[in-house]
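Peer 1: fold the stuff below for me.
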Amino acid sequence: MPPAKEWVNQVPLQIKTEVVETLSKLPQFHGIPDETLIRIARQRSRVQVSDRWGAIRMLISNPCPIPVVDDRQKPRRPLRLPVPPPRLTLIRGGRISR
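Peer 2: Coordinates of the predicted model:
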């Protein structure tokens, strides 16, 4: 039996194979690495999770936004053409004497 110090904030989650099959079909978690899912689950629930499926299960039960990089290019605004400087007119003359 491991010492009590090793079990602090750790929950041994047991997930059935049917649940793993269901979780693996969720497309929103496909592109996210395991380390990211585990880190977000740990930050959200303050419990150390050891694998991807436990992290996904915790994120489903405690929903939170997951920051993900979007692969699609964002539409860019068209650049404005350079505006020529206003035309300055030369006023001929000198100082006005008083």
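Peer 1: ok, residues contacting stretch 75-91?
Peer 2: For stretch 75-91, there are no external contacting residues (CB atoms under 8 Å, 6 or more residues apart in numbering). The C-beta positions use only the backbone N, C-alpha and C, and glycine is treated the same way.
Peer 1: for it, how far is the first residue from the last?
Peer 2: Length of stretch 75-91, first residue to last, CA to CA, to the nearest Å: 47 Å.
Peer 1: stretch 59-66 now?
Peer 2: One end of stretch 59-66 to the other measures 9 Å (CA to CA).
Peer 1: burial measure for residue 85, as a count.
Peer 2: 6 (other CB atoms under 10 Å).
Peer 1: let me know the helix or strand that it is in.
Peer 2: Counting by DSSP states H and E, there is no helix or strand that carries residue 85.
Peer 1: for it, give its distance to residue 79.
Peer 2: 18 Å (CB to CB, to the nearest Å).
Peer 1: buried sites along stretch 55-71?
Peer 2: Neighbour counts over stretch 55-71 (16 or more other CB atoms under 10 Å) mark 55, 56, 57, 58, 59 as buried.
Peer 1: tell me the helices and strands packed up against the biggest helix by length in the chain.
Peer 2: With secondary structure taken from DSSP state H, the chain has its longest helix at helix 34-45. If you count contacts as 3 or more CB pairs under 8 Å, 6 or more residues apart in numbering; DSSP states H and E, helix 34-45 packs onto helix 52-61.
Peer 1: check which helices and strands the helix it packs on sits against.
Peer 2: By 3+ CB pairs under 8 Å, 6+ apart, helix 52-61 packs against helix 17-24, helix 34-45.
Peer 1: just to revisit the earlier point, distance from the chain centre to the longest helix of the chain, please.
Peer 2: Averaged C-alpha coordinates place helix 34-45 at 12 Å from its chain's average position (CA atoms, centre = their mean, to the nearest Å).
Peer 1: can you check stretch 32-50 too?
Peer 2: 13 Å.
Peer 1: so for it, what gets flagged as buried?
Peer 2: 32, 37, 38, 40, 41, 44, 45, 49.
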